[in-house]
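Asker: Next one to model:
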Amino acid sequence: MERRPFGRDWGLSLRMAIALVLLGALYLPFFLWLVAMAYFIWGGMVAVLVALGALGLLACAPYLSELLALSLARADLEAGPETSRLEPMLERLCGMADVPVPRLAVMPTEVPNAFSAGRNARNAIVVVTRGLLDRLDDEELEAVLAHELAHIANRDAIVMTISAAPALLGRKLLWGFVSLPATSPSIPGKVGSTMLLLYLLPVVLVAWMTYAFATLLVMSISRYREFVADRGAALLTGAPEQLMSALQKIADQAPLIPNEDLRRASAMNAFFVLPTRSASNGFEVDPMRMFPTHPPLAHRLERLEELAREIGRPRGVPSAPNLVFAESPTARPDNPQALGAFFLAVVVWGILGGAFLTEPDVTGGALVWIPLLGSLAYLGGIVLGLQGVGRASAGAGGMGYAVTGLLLLLGPWALALVAMVVFGILALLGAGPIPG
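Answerer: The predicted structure follows:
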């Protein structure tokens, strides 16, 4: 068969580079905070060791990220008989695409899906679920494998593995800590964990916001990369209708899967060829459900249909898919979260402006509700703003209101943080307004 090169998608490369830079900027304050705490508590030597340890952890991030993704998926690397059906397909596709043959693993779930991960193209791995092997025929399986090989060839599987690891780890740790009062086996344990949760509530909120923004950056890659991988798979197999049939069959199987299996597999949505659930339409606090991980299925099928016409292939699948995971591409649902975020941002700035002009005495007790009201409006505005961005990314309106609300609430803090970093660097160099 003729080899069909994937080609380079510079739009995807640019998005991956920007996302990695922004992720680095997001985690830089925590690195500086750790080093500063070590310096003030234990001295310069310990601060240097902490900095070296953090940099060493960063160097090991590709390997650790792969281990985390495989651990969350509970992938079985020794599932020989189950993957024997896929090995000839994968070797043939890799020969056509001129990429190294990745490892194969099986995820023990009935949810039909697949994903790819790995440190680099030579150490990549393709994970298929047991449900996918049971429900797809050989041509459809080949199309899904080609889709995952496109991710590996474009290197977005590696970038996604590294980028999504902090978000996945943060989700596991954050929800594990928040659920301690419910999971504790004894009454004293429930009371104690509740008191600890209330005491550390500011830390939990900061951790949630960091996790949410990290997830948003990951989703900015994952949506675009699916279009690129769909095109790569169609060119590699020469049969876009095979991938269309596979995507539609995966979507149609969702109502037949137990909800518990769907919830357990949803942690890997950013990696999957098709998400197990769509983004939430209501109030949601889990960023993995707030932001859409994939473009609407209808849009993917439309692009594959256009590609099928370009290369002279028949459709081969019905024209009206059962859109389990996607909203209608013509629908523009309301986005009250975006308007709510903008309104609360205006409320916060109104409270700040009123306090600045009148200078009320909030320590006397009568006006103590002013900072409390402002704090609640601030936190509520951030949560609603992130939800508004997620809904707008899924096809709703109101993106401008959501982004404006977030900029009004977080913009001054971001500028202050940048100023602190710049002044700190100048101080270390012995220059600037702060003496070294």
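Asker: now residue 162, nearest residue through space, not along the chain?
Answerer: Excluding the flanking residues, the one nearest residue 162 by Cβ to Cβ, 6 or more residues apart in numbering is residue 65, at 4.9 Å. Glycine gets a C-beta too; all of them are placed from N, C-alpha and C.
Asker: isn't there a strand covering the one you found?
Answerer: No: looking at residue 65 with DSSP: H, G, I helix; E, B strand; the rest coil, it is helix, so not inside a strand.
Asker: List the buried residues in the helix or strand harbouring residue 230.
Answerer: Using DSSP states H and E, the element containing residue 230 is helix 201-237. Across helix 201-237, burial judged by 16 or more other Cβ atoms under 10 Å covers 207-237.
Asker: Who are the contact partners of residue 148?
Answerer: Going by Cβ atoms under 8 Å, 6 or more residues apart in numbering, residue 148 touches 114-116, 126, 157, 229, 273.
Asker: Could you do residue 346 as well?
Answerer: Residues near residue 346 by Cβ under 8 Å, 6+ apart: residue 408.
Asker: what's the spacing between residue 77 and residue 217?
Answerer: Residue 77 sits at a distance of 29 Å from residue 217 (criterion: Cβ to Cβ, to the nearest Å).
Asker: Residue 398 is in contact with residue 391, isn't it?
Answerer: Yes: between residue 398 and residue 391 there is a contact at 7.3 Å, judged by Cβ atoms under 8 Å.
Asker: shared neighbours, these two?
Answerer: By Cβ under 8 Å, 6+ apart, the residues touching both residue 398 and residue 391 are 335, 337-338.
Asker: between those residues, which is nearest residue 286?
Answerer: residue 337 (14.4 Å; Cβ to Cβ).
Asker: While we're on that closest one, how confident is the model there?
Answerer: Looking at residue 337, its pLDDT reads 88.
Asker: burial measure for it, as a count.
Answerer: 27 (other Cβ atoms under 10 Å).
Asker: contacting residues for it?
Answerer: Applying Cβ under 8 Å, 6+ apart, we find residue 337 in contact with 283, 384-385, 387-388, 391, 398, 402.
Asker: my guess is it is in a strand, correct?
Answerer: No: going by three-state DSSP, the assignment for residue 337 is helix, not a strand.
Asker: distance of it from residue 381?
Answerer: Distance of residue 337 to residue 381, computed by Cβ to Cβ: 10 Å.
Asker: hey, what's in contact with both of these two?
Answerer: With Cβ under 8 Å, 6+ apart as the test, residue 337 and residue 381 reach no residue in common.
Asker: still on that earlier bit, which one (most neighbours) among the contacts of residue 337?
Answerer: Most surrounded of the contacts of residue 337: other Cβ under 10 Å gives residue 388, at 31 neighbours.
Asker: I'd like to know the average pLDDT value across the host helix or strand of it.
Answerer: Taking DSSP H and E as the criterion, the element that holds residue 388 is helix 369-393. Averaging pLDDT along helix 369-393 yields 83.
Asker: next SSE after that helix?
Answerer: Following helix 369-393 in sequence, per DSSP H and E, is helix 399-428.
Asker: Just the angle for that following helix relative to helix 369-393, thanks.
Answerer: Taking axes from the mean of the first three to the mean of the last three Cα atoms, to 10 degrees, one finds that helix 399-428 is oriented at 110 degrees with respect to helix 369-393.
Asker: which parts of helix 399-428 are buried?
Answerer: Buried, per 16+ other Cβ under 10 Å, within helix 399-428: 401-406, 408-410.
Asker: for stretch 285-300, same thing?
Answerer: Within stretch 285-300, the residues that qualify as buried are 286-300, counting by 16+ other Cβ under 10 Å.
Asker: what's the offset of the helix holding residue 388 from the middle of its chain?
Answerer: 21 Å (Cα atoms, centre = their mean, to the nearest Å).
Asker: could you say what helices and strands it packs with?
Answerer: Applying 3 or more Cβ pairs under 8 Å, 6 or more residues apart in numbering; DSSP states H and E, one finds that helix 369-393 contacts helix 201-237, helix 287-290, helix 336-358, helix 399-428.
Asker: helices or strands up against the helix or strand following the longest one?
Answerer: On the C-terminal side of helix 201-237, the closest following helix or strand by DSSP H and E is helix 240-252. Contacts of helix 240-252 with other secondary structure elements, assessed using 3+ Cβ pairs under 8 Å, 6+ apart, are made with helix 130-135, helix 138-153, helix 201-237, helix 297-310.
Asker: So which elements touch the third one?
Answerer: Using 3+ Cβ pairs under 8 Å, 6+ apart, the elements in contact with helix 201-237 are helix 10-42, helix 87-97, helix 138-153, helix 156-178, helix 240-252, helix 287-290, helix 297-310, helix 369-393.
Asker: Any stretches of the chain with poor pLDDT?
Answerer: 1-8, 79, 277-283, 312-333, 355-356, 358-369, 421, 424-425, 427-436 (pLDDT under 70).
Asker: domains in it, as residue ranges please.
Answerer: Structurally, the chain divides into domains by automatic domain parsing as follows: 10-310, 336-428.
Asker: any idea how far the shortest one is from the chain center?
Answerer: Here the centre of mass of C-alpha atoms in domain 336-428, compared against the chain's by Cα atoms, centre = their mean, lies 24 Å away.
Asker: just stretch 63-78 next, same as before
Answerer: For stretch 63-78 - counting by Cα atoms, centre = their mean - the centre lies 17 Å from the chain centre.
Asker: For it, which residues meet the burial criterion?
Answerer: Buried, per 16+ other Cβ under 10 Å, within stretch 63-78: 64-66, 68-70, 72-73, 75-76.
Asker: mind checking the end-to-end distance for stretch 109-120?
Answerer: Start-to-end span of stretch 109-120 (Cα to Cα, to the nearest Å) is 26 Å.
Asker: before we move on, back to that, redo the buried residues of stretch 63-78 as CSV? Include distance to residue 84.
Answerer: Supplementary listing: the buried residues of stretch 63-78 in CSV, determined by distance: Cβ to Cβ, whole Å:
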residue, distance to residue 84
64, 30
65, 28
66, 24
68, 28
69, 24
70, 20
72, 25
73, 20
75, 17
76, 14
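Asker: count of residues packed around residue 22?
Answerer: Using other Cβ under 10 Å, the number of residues around residue 22 comes to 16.
Asker: Brilliant, that's me finished.
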